[in-house]
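> structure for this input, please:
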Amino acid sequence: MGSILDQTKESLSHITLIAIEAALLGGEILRQGFGTHFAIKTKEGQHNLVTEYDHKSEKAIIEFIGSNVKGSHFLAEESGTSGGGEILWIIDPLDGTVNFAHQLPIFSVSIAAQKEGKVVAGVVYQPITHELFVAESGKGAFLNGQKIKVSDVSQMEKAILATGFPYNLAKNPFHCIDHFVDILKLGIPIRRLGSAAIDMAYTASGRFEGFFEVELGPWDVAAGKLLIEEAGGKVTHWDGRPFNINSRETVFASNGKIHAAGCKILSRKV
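Next up is the predicted model:
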């Protein structure tokens, strides 16, 4: 992955470059662990898993960032909050743990850096495909060093969407099952990959027109939100309100061109 760093070193900030190197480090740990025997535990919620590689990746990422960026504190999925300083690093060391645990090669590392309440850098790395998605505020979004943009599809019926489901799906939070069915009834293809960070990165790069889900954590969406916005897309709650990464409510991310139509479906009263 050295060539990717070589292509971006001149244009990106130190914070973004550290996020890239940290994601590559965590991703290599996951790649080496993928398909091996490892410990798996269950967190709260059905099929909500954590493996020893979630922890190994997270520990390595935090130690690397902490030693290279002074004034860092962390919000990580497995270890929670730690450290202190003006830069908040929002980390998912393994987004797609269920896939990883079942030897499905669709998972990622997601790292975002937030300063003064604003996400300024975001990285999503897929270690099996070696796809590195990078965004920096005001500088655009990139895949393996090449600039990316959202798709040009403007008609909802021609869109391909991605989604995921919460671990408490049986409770149907935010009527997510009903809205999923509403979209299916329109004949719109929906993909369910198992990693929200990848879904958002794929939306940023034009592979999907949009992504919708509920009850995601900030580590799931912080980097992806910046990727999509820097690629020319839009991220809101289902009703069109500005999206708060800490809300754990609804999220609809799109190329912007189908956004109004998507919000109309997703905000329908049940």
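
> SS state for the residue most central in space within the chain?
Of all residues in the chain, the one closest to the mean position by CA atoms, centre = their mean is Ala197, 2.0 Å from it. In terms of secondary structure, Ala197 is helix; the call rests on DSSP: H, G, I helix; E, B strand; the rest coil.

> leaving out chain neighbours, which residue sits closest to it?
Once its chain neighbours are removed from consideration, Ala197 has its nearest residue in Ser110; the separation is 3.9 Å (CB to CB, 6 or more residues apart in numbering). For every residue, glycine as well, the C-beta is placed using N, CA and C.

> same check on His259?
Distances taken as CB to CB, 6+ apart put Lys234 closest to His259, at 4.9 Å, once the chain neighbours are dropped.

> check the gap between the one you found and Val214 for me.
To Val214, Lys234 is 18 Å away according to CB to CB, to the nearest Å.

> for the residue nearest to Ala197, list the residues it contacts.
Taking CB atoms under 8 Å, 6 or more residues apart in numbering as the definition of contact, the neighbours of Ser110 are 23, 91-92, 95, 122-124, 197, 219-220, 222-224.

> sheet partners, orientation included, of the helix or strand encompassing it?
Per DSSP states H and E: Ser110 is located in strand 108-115. Sheet pairing here is set by DSSP bridges, and for strand 108-115 it gives strand 87-95 (antiparallel), strand 118-126 (antiparallel).

> avg pLDDT for the last one?
Confidence over strand 118-126 (mean pLDDT, whole number) is 98.

> now do it: distance to the chain's middle.
How far strand 118-126 lies from its chain's middle: 8 Å, per CA atoms, centre = their mean, to the nearest Å.

> buried stuff in it?
Within strand 118-126, the residues that qualify as buried are 119-126, counting by 16 or more other CB atoms under 10 Å.

> what's the closest residue to Glu58 other than its chain neighbours in contact with, if anything?
The spatially closest residue to Glu58, leaving aside those adjacent along the chain, is Pro93, at 3.7 Å (CB to CB, 6+ apart). For Pro93, the residues meeting the contact criterion (CB under 8 Å, 6+ apart) are 26, 30, 54-55, 57-58, 61, 76-78, 109.

> relative to Asp54, how far out is Pro93?
Between Pro93 and Asp54 the distance, using CB to CB, works out to 5 Å.

> between the two, what contacts are shared?
Common contact partners of Pro93 and Asp54 (CB under 8 Å, 6+ apart): 77-78.

> can you give me the strands in the stretch 101-250 of the chain?
In chain order, the stretch 101-250 of the chain shows strands spanning 108-115, 118-126, 131-136, 140-143, 146-147, 161-163, 190-191, 210-214, 234-236, 250-254, with DSSP state E, counting those that start in this stretch as the criterion.

> let's have the ones you listed in a markdown table, adding distance to Leu12.
As requested, the strands of the stretch 101-250 of the chain are arranged in a markdown table below (distance: least, CB to CB, whole Å):
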| stretch | distance to Leu12 |
| --- | --- |
| strand 108-115 | 12 |
| strand 118-126 | 8 |
| strand 131-136 | 5 |
| strand 140-143 | 9 |
| strand 146-147 | 12 |
| strand 161-163 | 27 |
| strand 190-191 | 30 |
| strand 210-214 | 25 |
| strand 234-236 | 22 |
| strand 250-254 | 23 |
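
> and of those, who's closest to Leu169?
Taking CB to CB, strand 210-214 is the member of the strands of the stretch 101-250 of the chain nearest to Leu169, at 9.5 Å.

> run the chain-centre distance for the closest one.
Average the C-alpha atoms of strand 210-214, do the same for its chain, and the two points are 11 Å apart (CA atoms, centre = their mean).
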